[in-house]
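Undergrad: Structure, please.
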Amino acid sequence: AVEFESVITARPSLLLTSAVYYAAKIENSGAVRVYPGRAMDKYLDWVNPMTYDYNGAWINITGPNAALFDNVGKLSTVYGIQSWLAAGVSSRKLVLGLPLYGRTWTLEDPNVNGIGSRAVAAGPGSGSLGFDDVRLWNAENKATVVYDAETVSYYSYANGSWVGYDDPMSIALKIQFAQSKGLG
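TA: Predicted coordinates:
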């Protein structure tokens, strides 16, 4: 159909793409759904796994927005991309999603402020700040900024608030990962 439309309009062919869950297999409350990876590889021009929004104010525990690695579970970009490759989507058709914003929380105890800290509500920006707003928030609040090498992400905290985000360095490392896997 796409090729036919291109012929009858004398225009370049449209692209068929899909934004999808970060992993090819979704496990939720005992239910398992699996994307048809081989069919997607055959019929789509590219697949964009949403390798972000792993954590947010919808859960009351702080965490990285887009962890490259997760040593205790499956909530990571490495796991997600490997699952898509195993499902039959070729690497050149996978396009890594990268967030240019952070997820925010209000900490239950401002003195307990690492990844995995208990939170009671959304933080600044009602739970989300664009990257420029994160930088501004960090400066205005004299936030403590922490690079977490385990997840390849940043977080900052000040005045009982916590922000998980990526900065140019962690984004560059994620791009290197995408290039090493031959992603589109």
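
Undergrad: any idea whether the residue most central in space within the chain is helix, strand or coil?
TA: Within the chain, one residue has its C-alpha closest to the average C-alpha position: by CA atoms, centre = their mean, that is Y52, at 1.3 Å. Judged by DSSP: H, G, I helix; E, B strand; the rest coil, the three-state class of Y52 is coil.

Undergrad: That one is in contact with P64, isn't it?
TA: No - taking contacts as CB atoms under 8 Å, Y52 lies outside contact range of P64: 9.5 Å. Every C-beta, even on glycine, is put in place using the N, C-alpha and C of the backbone.

Undergrad: Give me the longest helix you can find in this structure.
TA: With secondary structure taken from DSSP state H, the chain has its longest helix at helix 168-180.

Undergrad: Show me what it is packed up against.
TA: Secondary-structure packing of helix 168-180 (3 or more CB pairs under 8 Å, 6 or more residues apart in numbering; DSSP states H and E): helix 77-86.

Undergrad: which SSE is the residue of the chain most remote from its centre in?
TA: The centre of the chain is farthest from one residue, I8, which by CA atoms, centre = their mean lies 38.9 Å away. Take DSSP states H and E as the rule and I8 turns out to sit in helix 2-9.

Undergrad: now A139
TA: Here A139 is assigned to helix 131-140, by DSSP H and E.

Undergrad: Please consider this matter closed, and thank you.
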